[in-house]
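Chemist: what's the 3D shape of this:
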Amino acid sequence: MQRFIDKVVIVTGAGSGIGKATAERFLNEGAKVALVGRTKSKLEDVAKPFPESQVIVLEADVSSEEDVNQLVVATVEKFGRLDVLVNNAGVVTQGDVATLSTDDWRTVMATDLDGVFYASRAAIPHLVSTKGSIIHVSSVSGTGGDWGMAAYNAAKGAITNLTRAMAMDHGKDGIRVNAVCPSFTKTGMTEDMVDDQELIDKFNERFALEGPGKPEDVAAVIAFLASEDARFVTGVNLPVDGGMSASNGQPPQ
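Modeler: Residues are numbered from 1 along each chain as shown. Got it, this is the predicted structure:
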């Protein structure tokens, strides 16, 4: 498919995992893509197979308001427009409220939540003119709680409701805002989990489909939400979780 010819997309956290797969999906469907991340070498590896006219590498930290404003400006200067923003960059720190340090709490909030706010605010004026789209990469951890992941749950839970609020506030401007909510997906963030077969077996007791998911599974749903096929879809937090959220929580019998 070539659904994104002449479209311009920003993907944060594009150097690995879901962000990398998403950037490649858009590029392969004809989009011009700004690859954003903190590690330039990883971004350059993603960009390497594609012509320079189709891609820009932008080293940036989304927790920095200045960095985010500059990356949006740089994207529009190079490509002349902006059609899609994918807020994917994120970090996770384990711990409950009693044990989390202030620094750990702020780090998660600064990247996972503040970064989404900064990028969305900077992008909206450009998306108004193109009737564009924003997709947040949230998590099933934003729709229900986990044990020992208070900061991550709080940040992703905020994104879940921010998605709804933004869809309502900006729909009349022609901007659609949605989120994907993956469960256990094979990425660099979960590489210690992928090697734990006992843990995978526990997850597969909860998945309706065989898991874990792949980054490409999430990227495909992001591309759908950004496409004209989803032109009447906004304010949705869409699980990409192998059917885990279909369960009422009771164990298999």
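Chemist: Could you check how far Met1 is from Asn28?
Modeler: Going from Met1 to Asn28 by CB to CB, to the nearest Å gives 9 Å. Yep, even glycine has a C-beta here, placed from its N, CA and C like the rest.
Chemist: more neighbours, the two?
Modeler: More crowded of Met1 and Asn28, by other CB atoms under 10 Å: Asn28, with 14 against 10.
Chemist: check contacts around Phe50.
Modeler: Neighbour list for Phe50: Leu27 [criterion: CB atoms under 8 Å, 6 or more residues apart in numbering].
Chemist: Distance from the chain centre to stretch 242-253, please.
Modeler: Relative to the centre of its chain, stretch 242-253 is centred 24 Å away, using CA atoms, centre = their mean, to the nearest Å.
Chemist: Please identify the buried residues of it?
Modeler: Judged by neighbour count (16 or more other CB atoms under 10 Å), stretch 242-253 contains these buried residues: Gly242, Met244, Ser245.
Chemist: Next, format the residues you listed as TSV and append pLDDT.
Modeler: Shown next, in TSV, are the buried residues of stretch 242-253 (pLDDT from 0 to 100):
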residue	pLDDT
Gly242	82
Met244	81
Ser245	80
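Chemist: Pick the one among those residues closest to Val46.
Modeler: For the buried residues of stretch 242-253, the minimum distance to Val46 (CB to CB) is 25.8 Å, reached by Gly242.
Chemist: Could you list the low-confidence segments of the stretch 151-253 of the chain?
Modeler: Within the stretch 151-253 of the chain, the ranges that satisfy pLDDT under 70 run 186-196, 198-199, 208, 211.
Chemist: What segments of the stretch 51-200 of the chain are helices?
Modeler: Taking DSSP state H, counting those that start in this stretch as the test, the helices found in the stretch 51-200 of the chain are 65-79, 102-109, 115-130, 150-170, 191-194, 197-206.
Chemist: now the third one: mean pLDDT?
Modeler: Averaged over helix 115-130, pLDDT sits at 98.
Chemist: could I get the helices of the stretch 51-200 of the chain as CSV with distance to Val218 and mean neighbour count?
Modeler: As requested, the helices of the stretch 51-200 of the chain are exported to CSV (distance: least, CB to CB, whole Å; neighbours: other CB atoms under 10 Å):
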stretch, distance to Val218, mean neighbour count
helix 65-79, 22, 18
helix 102-109, 20, 15
helix 115-130, 16, 20
helix 150-170, 14, 19
helix 191-194, 15, 12
helix 197-206, 16, 12
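Chemist: Rebuild these as TSV, extending it with distance to Gly15.
Modeler: Converted to TSV, those look like this (distance: least, CB to CB, whole Å):
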stretch	distance to Gly15
helix 65-79	14
helix 102-109	18
helix 115-130	15
helix 150-170	20
helix 191-194	15
helix 197-206	25
